[in-house]
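Q: what's the 3D shape of this:
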Amino acid sequence: MSSLLIRRVLSGCLVLLAACTDPYMPEVITSPPSYLVVDGFLNAQGVTTINLSRTYAVASKATQPVETQATAYIEDEAGTRLPLTEGTVKGTYTSAAQTLNPARKYRLHLRTQAGKEYVSDYVPVKITPAFDAVDWRAEREGLGIYVSTHDDANATQYYRWEYEETWEIIPPLRPSLEFLNNNIIPIRVPYPTVCWGTERSPIVQLTKTTSLSQDVVSNFLLRRLPQNSDRIFRRYSLLVQQHALTKEEYAYWDLLRKNTESIGTLFDPQPAQLTGNVHCVNSPDDLAMGFVGAHTLQQRRIFVERTQLPFSWPFNDGFTGCYPPDTLDLSKVKNPFQIFRSGVALPVGQIPKGYTISTLDCVDCRRKGTTVRPSFW
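A: You can find the predicted model right below:
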């Protein structure tokens, strides 16, 4: 039996099965409890940013609700408080730039608008070692980005990384006319010729050196882009953030990684309850999600130019479905060449016979990013 026939048989089976089943959404998925989610860490040398939100139903089409108008501050074991304030971005609370005393332990203290009081466990301040290197390599599998670091004092041992990538988006088509109300008219507002896309790391990146004789991380693969990625079509940048974790914080992130990445077959580990080190003081049954650690932060940015990559790698601008542009059915256009007769003096022989046409997705790069040029570009 040919592979095509097998696919047809399987497709028929799937249609048949789909027709005989009804969707089932358990109550816990459609209307789960609303728990507080605490996202962030206490920056020991700089500005602390904490995002507060709420859990919501998997089946919900709404955006994740944020926790606004809360009172938040950092406090040490001696009772010293450093306030966090909510800015223009609702649910985001920031402190002034500060330096935490590494000889003390700190925690986050929250009081919601509803009067619920939450505290995280007191945690020690960890000093994140500097990067030894953030390198990129053109490899057979694509563009690989690696980080290396070490701690001579053997005091770190548990590491986590985040990254934010930015890339240029260049639309392949630049129209001079537009189709409006069944008429061809000069384009009213030119479309941008370049945009920038940005995305934060979607996965948890961790490692530990407890089984090694030295606290050294060498060439940890942080990111891989295939050779034909549209993100390396012209210019690409990646900002790496390095965090030093405690053993308990590492365990939390490792469980989060397993819960989000390693589930999908019968042989994967089953999901485990994930809470963290944040607790509700005046209502212990109200769970909170998140782990608030305290450490310094190391950052490094790299750039990759297309001219630095192998010429043999295929070029992909992210608009492959836009070639070639379609043609416009002139029967749908009122006076299809009126613009040339009234607006531009052209001999009759030079009046065009038709138009090529495309969609906004092929000409407006704002569908994929923003026209605001990044400050570091």
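
Q: Where does A72 sit: helix, strand or coil?
A: Assigned with DSSP: H, G, I helix; E, B strand; the rest coil, A72 falls in the strand class.

Q: Please renumber the chain so that the first residue is 569 from this point on.
A: Right, with 569 as the first residue, what we last looked at is A640.

Q: CA atoms only for stretch 691-708, dumped as CSV, please.
A: Provided in CSV are the C-alpha atoms of stretch 691-708 (Å, rounded to 0.1, in the frame of the first residue of the first chain):
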residue,chain,number,x,y,z
VAL,A,691,16.5,33.8,50.9
PRO,A,692,20.2,34.6,50.8
VAL,A,693,21.7,36.9,48.3
LYS,A,694,23.7,35.2,45.6
ILE,A,695,26.3,36.8,43.4
THR,A,696,26.0,35.8,39.8
PRO,A,697,29.4,35.3,38.1
ALA,A,698,30.3,37.2,34.9
PHE,A,699,30.2,35.6,31.5
ASP,A,700,33.3,34.1,30.2
ALA,A,701,31.9,34.1,26.7
VAL,A,702,28.7,34.3,24.7
ASP,A,703,29.6,32.8,21.3
TRP,A,704,27.8,32.0,18.1
ARG,A,705,28.8,29.4,15.5
ALA,A,706,27.7,28.5,12.0
GLU,A,707,27.2,24.8,12.2
ARG,A,708,25.7,22.1,10.0
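
Q: how about Q681, secondary structure?
A: Assigned by three-state DSSP, the conformation of Q681 is coil.

Q: Spatially nearest residue to it (excluding sequence neighbours)?
A: When the adjacent residues along the chain are set aside, Q681 lies closest to Q637, with 4.4 Å between them (CB to CB, 6 or more residues apart in numbering). Yep, even glycine has a C-beta here, placed from its N, CA and C like the rest.

Q: Likewise for D720?
A: D720 sits nearest to D783 (CB to CB, 6+ apart), 7.6 Å away.

Q: still on that earlier bit, I figured the residue nearest to Q681 was touching E654, is that so?
A: Yes - Q637 is within contact range of E654, at 7.0 Å (criterion: CB atoms under 8 Å).

Q: These two: which has the busier surroundings?
A: Per other CB atoms under 10 Å, whichever of Q637 and E654 has more neighbours is E654, with 19 against 10.

Q: Mind pulling up the pLDDT for G889?
A: At G889, the model reports a pLDDT of 86.

Q: tell me the contacts of the nearest residue to it once chain neighbours are set aside?
A: Closest residue to G889 apart from its sequence neighbours, by CB to CB, 6+ apart: C930 at 7.7 Å. Contacts for C930 were tallied using CB atoms under 8 Å, 6 or more residues apart in numbering; they are 739-741, 887, 889-890, 893.

Q: Export those residues as TSV, with columns for secondary structure, neighbour count and distance to S926.
A: TSV is the format used below for the contacts of C930 (DSSP: H, G, I helix; E, B strand; the rest coil; neighbours: other CB atoms under 10 Å; distance: CB to CB, whole Å):
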residue	secondary structure	neighbour count	distance to S926
P739	coil	24	10
P740	coil	15	9
L741	coil	16	5
F887	coil	20	10
G889	helix	8	10
C890	helix	17	6
P893	coil	16	5
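
Q: Can you check which strand is longest in this protein?
A: The longest strand of the chain (DSSP state E) is strand 726-737.

Q: What is the next helix or strand after that strand packed up against?
A: Once the chain leaves strand 726-737, the next helix or strand it forms, by DSSP states H and E, is strand 745-748. Under the contact definition 3 or more CB pairs under 8 Å, 6 or more residues apart in numbering; DSSP states H and E, strand 745-748 sits against strand 751-754.

Q: Can I take it that Y820 is in a strand?
A: No - in this structure, Y820 is helix, not part of a strand, as judged by three-state DSSP.

Q: follow-up on the earlier one: the residue nearest to D720 against Y727, yeah?
A: No - using CB under 8 Å, D783 is not in contact with Y727; the gap is 9.5 Å.

Q: Among those two, which residue is more densely surrounded?
A: Higher neighbour count among D783 and Y727: Y727, with 23 against 20, using other CB under 10 Å.
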